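Chemist: Only the shape, not the letters, is given here:
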């Protein structure tokens, strides 16, 4: 079992370029999340999907879009990257029994020049 | 929306001493309070959690307390060891059909041998 897999692990973009971060899970979890982590600011929720077919905004959704493609996959898209989006992005899932515990992927480090 | 504040941002203790990290939250609807540990370059992992119907929970050297009236909760680590050095995050969750989890900014704990 791979758990939660994020791709790519590293990416460098120029301002204005677009890209999609992919997240896939094999844990049969209903809920999936995207967080960004910046020094001194903790983990901030970008978007989440409580179940297949639903998505909701988190704390910092501006500049991002998401797609819950199916139960396994939840992608995060940057349409026009900005230097302020330089960050480490974590995908996470929450269990089928809805205990609330989050299981994180390894993270994707994105640099926007 | 929910706001979680965490203090201190940095904590340095001698090996064997205790460490205490405190958090406050704003949304009285939050009903699940997890704590995550993140080692350098790794993903966050759950170390302990507490639900709103419980005032205290202990697991070996770590314990959490919750005061719902005052909207604050704390993490206590006793007999600290160098391997406890990491960043610790508190979080508050609301179950909206899936858990929406908001994190504090984190506490960097240094345990000096």
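Modeler: Now that the structure is in, tell me what you want to look at. Note that the coordinates shown come from a computational prediction; the quantities given were computed from them, not determined experimentally.
Chemist: buried stuff in stretch A:72-91?
Modeler: Within stretch A:72-91, the residues that count as buried by 16 or more other CB atoms under 10 Å in any protein chain shown are A:72-76, A:78, A:81, A:85-91. In this view, the C-beta of every residue, glycine as well, is placed from N, C-alpha and C.
Chemist: Tell me how many other residues crowd residue B:53.
Modeler: 8 (other CB atoms under 10 Å in any protein chain shown).
Chemist: where does residue B:83 fall, helix, sheet strand or coil?
Modeler: Following DSSP: H, G, I helix; E, B strand; the rest coil, residue B:83 is assigned to helix.
Chemist: That one and residue B:43, how far apart?
Modeler: Remark: distance between residue B:83 and residue B:43 (CB to CB, to the nearest Å) = 17 Å.
Chemist: quick one: which of these two has more around it?
Modeler: Under the criterion of other CB under 10 Å, the comparison of residue B:83 against residue B:43 puts residue B:43 first, with 21 against 8.
Chemist: Which strand residues bridge the closest residue to the more buried one other than its chain neighbours?
Modeler: With sequence-adjacent residues excluded and distances taken as CB to CB, 6 or more residues apart in numbering or on different chains, residue B:43 is closest to residue A:104, at 4.0 Å. Here residue A:104 sits in beta bridges with residue A:92, going by DSSP bridges.
Chemist: you'd agree residue A:104 is up against residue A:89?
Modeler: No - in this structure, residue A:104 is not within contact of residue A:89 by CB atoms under 8 Å, at 10.7 Å.
Chemist: Nearest the geometric middle of chain A, what residue?
Modeler: By CA atoms, centre = their mean, chain A has its centre lying nearest to residue A:34, at 2.9 Å.
Chemist: Can you say which helix or strand has it in it?
Modeler: strand A:31-38 (DSSP states H and E).
Chemist: Do me a favour and get the end-to-end distance for stretch A:67-78?
Modeler: End-to-end span of stretch A:67-78 (CA to CA, to the nearest Å): 12 Å.
Chemist: Packing partners of the worst-scoring helix or strand of chain B on mean pLDDT?
Modeler: Within chain B, no helix or strand scores below strand B:99-103, which has a mean of 92 by mean pLDDT, DSSP states H and E. Applying 3 or more CB pairs under 8 Å, 6 or more residues apart in numbering or on different chains; DSSP states H and E, we find strand B:99-103 packed against strand A:31-38, strand A:42-49, strand B:32-38, strand B:86-95.
Chemist: What lies in contact with the third one?
Modeler: By CB atoms under 8 Å, 6 or more residues apart in numbering or on different chains, the list of residues contacting strand B:32-38 from outside reads A:100-102, B:23, B:25, B:44-52, B:62, B:64, B:66, B:73, B:75, B:86-95, B:99, B:101, B:103, B:106.
Chemist: Now the element after it, going C-ward?
Modeler: Following strand B:32-38 in sequence, per DSSP H and E, is strand B:45-51.
Chemist: So what pairs up with residue 109 in the strands?
Modeler: Going with chain A. Counting by DSSP bridges, residue A:109 is bridged to residue A:10, residue A:88.
Chemist: I was thinking of chain B, sorry if that wasn't clear
Modeler: When assigned by DSSP bridges, residue B:109 has beta-bridge partners residue B:11, residue B:86.
Chemist: ok, now which ones touch it?
Modeler: Residue B:109 makes contact with B:11-13, B:19, B:21, B:77, B:80, B:84-88, according to CB under 8 Å, 6+ apart.
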